[in-house]
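Student: Quick one: sequence and predicted model below, then my questions.
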Amino acid sequence: MKFRNVLLILVTTSLTFCLSSCYKWAARAHKELPEQTALDKTYNYQGKVIIVGAGASGLAAAKVLEQNNIDYLILEATDRYGGRLKKDTTLADFPIDIGAEWIHSNPRVLNVIKGKTGDQIDEDFVPYKLESAAIWNGKKLKPVSGAIRNFLYNFMPESKFKSSTWYDFVNENIAKDVTHNIVYNSAVKSIDYSSKKVVVKTSNGKTYEADKVLVTVSIGVLKSNDINFIPELSPDKRKAIQSITFEPGFKAALKFSEKFYPDAINCKVKNGEKVFYDIAFKKDAKTNILGFLCKGDETEKYYALKSEQEIINQLLKELDDMYDGKASQTYMNEYLLENWGQYQFTQGTWTQAFQEKKSTLKVLNQPLDNKVYFAGEINDTYKQMGVPGAILSGYYAADKLLTDE
Ligand SMILES: Cc1cc2nc3c(=O)[nH]c(=O)nc-3n(C[C@H](O)[C@H](O)[C@H](O)COP(=O)(O)OP(=O)(O)OC[C@H]3O[C@@H](n4cnc5c(N)ncnc54)[C@H](O)[C@@H]3O)c2cc1C
């Protein structure tokens, strides 16, 4: 066998090994999906429950409690529900997800979330199979070949909602049943589980009591120690919380009179992600909306700028460098910018629980004296990532909370 062939086999084998074992992509984790969730069970729990946070995870747990006529309240720090799910209908002629946007998991997860059996999915979604893409190295724009785009899609078969959003999906299938029990503008400051009842205090001076509490705030909020646990969290728990990387980042959307860009432009960065992408990809849209997603080290460069407008100007400048001034010429002076990394009640972008050590996830999921439980994106035990992971963790935690003695 020629040396070149041996080398090729070695490279292919090690690449396949790396891809399949080191990097478990959520879309491939459909075998990890549970056969049944708490939605399929009935519970006879008599106590009162407080859920902290009305993001996807807290809303999902609430749905289980609602279904079983359990006495519960959701305390939400902001004046809206959804957490890192947010929809805009002002910029374009189609709704934009300015938080979570892609379905990274196998679409069958949508049925599991709804409590529906089978593989037939009745959501309108489009496979995120790019028809054009480029790589920007800071100086030169290089097109990505069809073969590489196909390879990437086969390895990472993601999708997007066609005329709807993640926000709408969660609203329709989960939130609408539980919003009547949300108390807004109620940032939880302390959770005292030292007595029989758990006492929860909020920053607006209110005190609540419950038999059990489910905490669903982001790992960034837990890292910041903004919530005071009494007794305090064990050193193991604090260490596990601090060990999780939760990078800063933001998302922007800019409106143009012309689509001068490909479906996606991946910018080379040392750490994190930086990508321009066509938000209107395969949507029934007449408006041209270019998205920008930045996470990790590169974010600091934008955070150093003084205003949102300066960030937008910087993005236009970068696009002008790539496309010879085309961005400034066709920009319609309208944008959205959602700075998730600097919001007090998010403090970061997203985590990938499936990439963390099992032992760390076990500690993070461990309840406190069977009175305080944890759920949220990072508590996903089914390797689904993002919104599906957060929702399934909500169902999982609700089941545990309602069945633990
Ligand atoms: C820019 C961006 C892009 C993303 N893209 C995708 C994607 O394409 N696909 C995908 O699946 N996922 C994506 N994600 C991740 C996804 O949004 C999250 O995994 C998911 O929404 C997390 O839900 P959660 O309920 O765990 O947490 P959150 O959504 O963070 O919900 C926590 C809730 O707790 C509230 N809260 C915080 N502190 C307190 C307090 N002290 N007291 C009371 N309430 C409090 C918050 O206000 C919030 O409502 C993205 C995230 C970001 C930021």
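Tutor: Received it, and whenever you're ready, just let me know what you need. Since this is a predicted model, take the numbers as computed values, not measurements.
Student: Give me the phi and psi for the nearest residue to T165 once chain neighbours are set aside.
Tutor: Spatially, and ignoring its direct neighbours in sequence, T165 is nearest to D97 (4.4 Å; Cβ to Cβ, 6 or more residues apart in numbering). Quick note: C-beta positions are derived from backbone N, CA and C, even for glycine. Main-chain dihedrals, D97, degrees, to the nearest 10: phi -80, psi 110.
Student: Kindly report the same for D177.
Tutor: The phi/psi pair for D177 (degrees, to the nearest 10) is phi -80, psi -10.
Student: quick one: contacts for it?
Tutor: D177 makes contacts with A62, K63, E66, Q67, as judged by Cβ atoms under 8 Å, 6 or more residues apart in numbering.
Student: make it 7 Å
Tutor: K63, E66 (Cβ atoms under 7 Å, 6 or more residues apart in numbering).
Student: give the contact list for the residue in the stretch 301-405 of the chain positioned nearest to the ligand.
Tutor: With Cβ to the nearest ligand atom, the shortest gap between the stretch 301-405 of the chain and the ligand falls at G386, namely 2.1 Å. Taking Cβ under 7 Å, 6+ apart, we find G386 in contact with A100, H104, W350, E377.
Student: Kindly report the same for A77.
Tutor: Contacts for A77 were tallied using Cβ under 7 Å, 6+ apart; they are S186, A187, F345.
Student: How much space separates the last one from P235?
Tutor: Right, the one you point to is F345. 26 Å (Cβ to Cβ, to the nearest Å).
Student: of these two, who's got more company?
Tutor: Set F345 next to P235 and count neighbours by other Cβ atoms under 10 Å: F345 wins out with 18 against 8.
Student: is it true that that one touches T78?
Tutor: Yes. Shown here, F345 and T78 form a contact pair, counting by Cβ atoms under 7 Å, at 5.8 Å.
Student: circling back: burial count for the residue nearest to T165?
Tutor: Using other Cβ under 10 Å: D97 sits among 24 other residues.
Student: For it, report the pLDDT, please.
Tutor: Per-residue confidence for D97 comes out at a pLDDT of 98.
Student: Check the residue of the stretch 301-405 of the chain closest to the ligand and give its pLDDT.
Tutor: Per-residue pLDDT puts G386 at 96.
Student: quick one: it and F345, what's the gap?
Tutor: Relative to F345, and taking Cβ to Cβ, G386 is found at 18 Å.
Student: Please list which of the contacts of G386 also come close to the ligand.
Tutor: A100, H104, W350, E377 (Cβ under 6 Å from any ligand atom).
Student: ok, the third one - contacts?
Tutor: This means W350. Contacts of W350 by Cβ under 7 Å, 6+ apart are E377, G386.
Student: what secondary structure does it sit in?
Tutor: Here W350 is recorded as coil under DSSP: H, G, I helix; E, B strand; the rest coil.
Student: Got the confidence number for it?
Tutor: 96.
Student: Show me what counts as buried in stretch 132-146.
Tutor: A133, A134, W136, V144 (16 or more other Cβ atoms under 10 Å).
Student: Torsion angles phi and psi at the first one?
Tutor: With angles defined as degrees, to the nearest 10, A133 shows backbone torsions of phi -160, psi 160.
Student: beta partners of it?
Tutor: A264 (DSSP bridges).
Student: From here on, call the first residue 630.
Tutor: Fine by me, first position is 630 from now on; the one you just mentioned is A762.
Student: sorry, back to before: could you identify which of the ones next to the ligand among the contacts of G1015 has the most neighbours?
Tutor: E1006 (28 neighbours).
Student: Contact partners for that one?
Tutor: For E1006, the contact set (Cβ under 7 Å, 6+ apart) comprises S686, W979, T980, A982, G1015, G1018, A1019.
Student: taking these one by one, which sit in strands?
Tutor: Assignment to strands by DSSP state E places none of those there.
Student: Distance to K830 added to the residues you listed, as CSV?
Tutor: Formatted as CSV, those follow (distance: Cβ to Cβ, whole Å):
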residue, distance to K830
S686, 22
W979, 29
T980, 27
A982, 29
G1015, 31
G1018, 30
A1019, 25
